[in-house]
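# Give me a 3D structure for the following:
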Amino acid sequence: MAIVHRLYITASNNYSENFQIVAVNTTIPLEIDSEIGVFKVVVNIKDFDGSKPHLSNSCYNIDDDTFLDGEPLNFKRNEHDNIIPNVRMQIEFTPKKDINGAQLIFGNDFTYPVKKYIPTMLLTTGLKLYNLFVSNSVQGNLYSNKPYLYGLALNNFTYMGIDNFMQIPKIINSKTVPMDCEENVSSQLHTLTHSTSQGRIKYFNQREDCEEFVFKQGVAYNLQFDTNYVKMSNSNYAICIPKFDVNVNRYVNETLNNFNYVIKEGGHTNVDEGTAGLVINFALRAEEEHLDS
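Purely as a prediction, here's the structure:
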């Protein structure tokens, strides 16, 4: 029987153990308790045909009424907006202590080197285009033994709210990238006069500006990340930036088969530094092809 690679998504509070499966395209969050705070995680992916561990807990799309194995849902769906990106992560973060805004990091990393598997020119071009089209605050080192692309949580989440996890943000402008939504974080920082996602992203463009903000102990922050620059439909992983579309599956092997989305405190320039809070691992799992594929 043919061997295929399908998405397998898990999460933990560290890089090495206690990973739990993340149900995809459902409204049931996975809770992760960490040293820096408590996280609740929901992941949506367009056309998700996950690996076998996902068959009984995940759906192909957010509007489906059955799991991947055909069984009916055992929960009630929440309402959602009609603008669904390729990938959406909704995260509730409740800090266990005050964390300065210049220290809360969000980004991607690997726990192994990738430079010998992916052409150098592709790595360099990819980082430049990411800075140009996604966020100019993201910095990285793709040539180290543990590559990373890290930005600040305050200006890299597409939506940020307080005490409204899983609620539908009020969309102000759906044509901007990312789309502009009404936010309430300005109530915590009076110098932030624009109560919109675009206003927040622009205000916190520099690390020095982020020092004004504090993620307060015990406050529940809703952090939403939407992207169309990453595509994972039918387990075909691709980077999609204007005029630059690369299917990464062609480079997949026994080593280059997974990466992380990470939230941590500190450690801006090293995977092994800082205090990990949430590690969501996206892997391509080799398995026998489904009989109904």
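# I'd assumed residue 53 was in a strand, is it?
No. Looking at residue 53 with DSSP: H, G, I helix; E, B strand; the rest coil, it is helix, so not inside a strand.
# Apart from its neighbours in sequence, what residue is nearest it?
residue 21 (5.5 Å; C-beta to C-beta, 6 or more residues apart in numbering). The C-beta positions use only the backbone N, C-alpha and C, and glycine is treated the same way.
# where does the stretch 151-293 of the chain have low pLDDT?
241-245, 290-293 (pLDDT under 70).
# Residue 15 is in contact with residue 279, isn't it?
Yes. Counting by C-beta atoms under 8 Å, residue 15 touches residue 279, with 5.8 Å between them.
# I'd like the next helix or strand past whichever strand or helix holds residue 6.
In the assignment (DSSP states H and E), residue 6 maps to strand 3-12. Using DSSP H and E, the helix or strand that follows strand 3-12 in sequence is strand 20-21.
# For that following strand, give me every contacting residue.
Contacts with strand 20-21, where a contact means C-beta atoms under 8 Å, 6 or more residues apart in numbering, come from 8, 9, 10, 11, 12, 30, 32, 53, 54, 57.
# For the third one, which non-adjacent residue is closest in space?
This points to residue 10. residue 19 (4.0 Å).
# Can you read off the pLDDT for the one you found?
Model confidence at residue 19, expressed as pLDDT, equals 98.
# Show me what residue 149 is bridged to.
residue 108, residue 140 (DSSP bridges).
# So which elements touch the one helix or strand residue 106 maps to?
Assigned by DSSP H and E, residue 106 belongs to strand 104-109. Counting by 3 or more C-beta pairs under 8 Å, 6 or more residues apart in numbering; DSSP states H and E, the packing neighbours recorded for strand 104-109 are strand 148-152, helix 153-156, strand 258-265.
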